[in-house]
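Output the structure for:
(2 chains)
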Amino acid sequence: MNENIWILMSADAIAIATTLILAALGALFTERSGVLNLGIEGILLTSAISSFLAADASGSVWLGLIVGSLIGALLASIHAVLSVVFRANQIVAGLALVIFGTGLANFLGKPAEGKTVTTVINPLSFGPLSDIPVIGPIVFGQDIITYFAIAVAIVASRYLFSTRPGLELRATGDDPATVDAQGLSVARIRIRYTMIGGALVGLGGSWLMLAQSAGWHQAATTNGLGWIALALVVFAGWRPMRIIFGAVLFGFTLQLPFTLQAEQITFIPSAFLEMLPYLATLIALIALSRPGNRNLLGAPRALGTPFVRDER
Amino acid sequence: MRKNHIKGFALATAAVFGLLACGGSDAATDTTMAETVTTEAGADYSMLKVAVIYIGVPDDKGWTYQHEQGILALEAELGIEVKRVENVPEGDEAEAIMEGLAAEGYNLMFATSFGYGTPMARVAAKHAEGCFQWATGAKFLLTAEMGGEYATFGDIPANLGTYFGAAEEARYLSGIAAGAASPTGKLGYVAAFPIPEVIRGINAFTLGAQSVNPAATVQVSWTKTWFGPDTEKESAESLLAAGADVLAMHQDTTATGLAADAVGAKWVGYNSDVAEAAPNAWLTAPTWNWGPYYVQTAKAVAGGTCPSDEYYGSMADGMVTLGSFGSSVDADTQALIAEKAAAIIDGSFAPFQGPVMDQDGVEVVAADTKPELLDLLGMSYFVKGVIGSPKG
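Next comes the predicted model:
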């Protein structure tokens, strides 16, 4: 038992969870308003490369994070217009966004191919706190965006369940007709939260690039994290606080194959462990794609359904 | 998605390489290329239309980048322009692209990944006027097991050749640099897939390290991906946490080097000489030099001969090379590596020179013998001193 390996695994699991928390919160806000955006993976990739290019050109990671988040909101607005204004099939529009985002990211990434980003986000230093054995590297060894992501989840939970705009958001996802009768614009709320969600996803993608990968490697940069984030929302029952725990759990699962290899523990086949996060994602996505199942899982009741006033 | 795609490819690779040991073939003749080159001076290359199929992009600083360097050398030497097709998925899409190129009159095609084999063989069968070359392939693998329509070896088109090289020679030399640079003798290896090509590299690296430090061990961490920077980074970090102070890799990105650099460890790269990615960590790297092969093959085709053998290059013909040395490789070690390299090139030494023991201490190569090429191509055991399982 080499404790270094397990400390590293725990610290890395929390770090990887950052992208998952931000992307899953983005998906959660979108879905709470009644819009299903399957294009998370495409948004993650495009914002990742945008943040690379912005940070590389300006030398500022902050500008990279801002540009990545704005690009995320911009791409999400395409989905919002298609699904809210034109009432397109949201599953098809979301999948189109994945393909579009991947292609756009590869196109934008041409000049960045094989290069590493010159400025990266470094872990914060808490002085003596960071030197505490075990807890130091795990709790105090993270960077500012990781703490920010956890803070956003806590604030989001308060916002959703204890504020009036949060109530309006939940109502839009559950019963848009009532919101409409209250004199609020369902379309405006849905577009707003789809874009806010996109910005959060974009921040997650930018962080992944500027703190984790530090280099552009096409689709391997995100490697399916966007899909896992979608599944995470389902497993968290559309509740922000549960997303934190789910993301760390997924982070551990993604780390485990390497930890067990380093510890020379071989009784569990590593292929089985590597499969687990994706298997869970597959099950969640199947559940998400059938309207009947969605209600059973506790999804917003109007998720994926365009609102048409005349059909009330 | 890409991950699964690559995994599928690797499973197929592992399966077909498994057959290799019992397959039987007269692969690997280092000298045939020289014989087929006939026209040299005043040759007319205007009839040549060359295309290359890339699995990635030429700027990846890895596998495809090295092929691009070879293609650039070909263009410069023959004064021709080569058509490049990037990011081509393995499978039916590759067949459609190659079919399209053949229809446009491209009469020499290079395909730079294992999974292009069956599609290329199909196109080659339809276009007898063209010449088709498959990197990392072996023609006897194009049987029913590969999903190809060729039931027997004899049905494989005569205008299809393969090319690859003995990276294990440079792996051994890089192992010497690693063994000499490691104070603890604990080395780590970030490895893609448990297939013979990778296992051969790990073993050669280990034997090289043990030649300067007999107690050296090499711990292996499988990533199950050729190209996955985050996965490679996590794998590298877990080896460093386990105590390794030098990391080698069989991967397509520089993530391992960056992870080693972050904690002051050393790094042996692969594919390309990318010392600048992590100059303090850099020791050296086994690299590829495809240019001479591309030039020779194009000249042969211009002379009317399509090489259809299984070309297995080496350090002797220059297809396999060792990259530049980092500052932590001292002069004595460099001299020792140069001496071993000379012995490998003149044939007096081979990386798997017996006696070689496997992980359990069983002798797998007898004293004063060298393994046959087919034994190398089907290698499925780890040598003594490797920590990990060759089954992944």
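
tell me the contacts of the nearest residue in space to residue A:121 that is not next to it in sequence?
Distances taken as Cβ to Cβ, 6 or more residues apart in numbering or on different chains put residue A:211 closest to residue A:121, at 4.0 Å, once the chain neighbours are dropped. For glycine as for every other residue, the C-beta is placed from the backbone atoms N, C-alpha and C. For residue A:211, the contact set (Cβ atoms under 8 Å, 6 or more residues apart in numbering or on different chains) comprises A:15, A:18, A:120, A:121, A:143, A:145.

For the residues you listed, which two are the farthest from each other?
Comparing every pair within the contacts of residue A:211 by Cβ to Cβ identifies A:18 and A:120 as the most remote, at 14.0 Å.

quick one: which of the two has more around it?
residue A:18 (25 against 16; other Cβ atoms under 10 Å in any protein chain shown).

tell me the contacts of the more buried one?
So residue A:18 contacts A:142, A:145, A:146, A:149, A:204, A:207, A:208, A:211, A:247 (Cβ under 8 Å, 6+ apart).

Which ones among those map onto helices?
A:145, A:146, A:149, A:204, A:207, A:247 (DSSP state H).

Let's have those in JSON lines, adding distance to residue B:48, pLDDT and neighbour count.
Formatted as JSON lines, the ones in helices among the contacts of residue A:18 follow (distance: Cβ to Cβ, whole Å; pLDDT from 0 to 100; neighbours: other Cβ atoms under 10 Å in any protein chain shown):
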{"residue": "A:145", "distance to residue B:48": "53", "pLDDT": "94", "neighbour count": "24"}
{"residue": "A:146", "distance to residue B:48": "56", "pLDDT": "94", "neighbour count": "23"}
{"residue": "A:149", "distance to residue B:48": "56", "pLDDT": "96", "neighbour count": "27"}
{"residue": "A:204", "distance to residue B:48": "49", "pLDDT": "96", "neighbour count": "33"}
{"residue": "A:207", "distance to residue B:48": "49", "pLDDT": "95", "neighbour count": "31"}
{"residue": "A:247", "distance to residue B:48": "55", "pLDDT": "93", "neighbour count": "29"}
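
From these, pick the one nearest chain B.
Nearest to chain B out of the ones in helices among the contacts of residue A:18 is residue A:207 (Cβ to the nearest Cβ; 12.6 Å).

Go ahead and confirm the closest one touches residue A:121.
Yes - the pair residue A:207 / residue A:121 is scored as a contact, 6.9 Å apart, by Cβ atoms under 8 Å.

what's the overlap in contacts for those two?
Joint contacts of residue A:207 and residue A:121 (Cβ under 8 Å, 6+ apart) are residue A:145.

Name the residues of the stretch 201-312 of chain A found near chain B, please.
A:212-215, A:217-221, A:223-224, A:254-255, A:258-259, A:261-264, A:266, A:270-271, A:274 (Cβ under 8 Å from any Cβ of the partner chain).

Give me the buried subset of these.
By neighbour count, with 16 or more other Cβ atoms under 10 Å in any protein chain shown, these hold A:212-215, A:217-221, A:223-224, A:254-255, A:258-259, A:261-263, A:270, A:274 as buried.
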